[in-house]
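A.B. asks: Only the shape, not the letters, is given here:
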């Protein structure tokens, strides 16, 4: 029993793992390939008679955004292209450029009629009205 070490001490010891710096260095070339770098934040709020979906899209133009509602699945897609005048510059290092990302959420009682979307200050707000839930259950009488 004297040789047992509490679990929290193991966790602290692993946080100070000597190879973390090496791991992050080796993962750096693959960082642009990860999905988190080419994504955006999205919130979904149930506002009673509608859903309010907000997406943070700073610097994205209206033409670069595609919003679709297909059988209850709301998809927000962004395809950002680099401007032609930017391509002529001689950058030593550049983190901005072309990227695309898609986020989606399933809203089971979303209505197609009355959908609206607004882009203001880098925040896309989509209002999705709710429809009355239809009962898919049919009672069958037994003879």
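C.D. replies: Right, received. Where do you want to start? Note that the structure is a prediction, hence the values are computed from the model and not measured.
A.B. asks: Check which residues of the helix or strand residue 105 falls within are buried.
C.D. replies: Element membership for residue 105 (DSSP states H and E) is strand 99-106. Neighbour counts using 16 or more other Cβ atoms under 10 Å place 101, 105 of strand 99-106 among the buried residues. Where C-beta positions appear, they are placed from N, C-alpha and C, glycine not excepted.
A.B. asks: repeat for stretch 59-71
C.D. replies: Judged by neighbour count using 16+ other Cβ under 10 Å, the buried positions of stretch 59-71 are 60, 65, 67.
A.B. asks: now, which of the residues you listed sits nearest residue 125?
C.D. replies: residue 67 (10.6 Å; Cβ to Cβ).
A.B. asks: Test my guess that the closest one contacts residue 57.
C.D. replies: No - using Cβ atoms under 8 Å, residue 67 is not in contact with residue 57; the gap is 11.1 Å.
A.B. asks: Which neighbours do those two have in common?
C.D. replies: residue 124 (Cβ atoms under 8 Å, 6 or more residues apart in numbering).
A.B. asks: that older thread, after the strand holding residue 105 comes which helix or strand?
C.D. replies: strand 116-120.
A.B. asks: pLDDT of the strand holding residue 105, averaged?
C.D. replies: Throughout strand 99-106, pLDDT has a mean value of 91.
A.B. asks: Pairing partners for that strand, with directions?
C.D. replies: Here strand 99-106 is paired, per DSSP bridges, with strand 73-80 (antiparallel).
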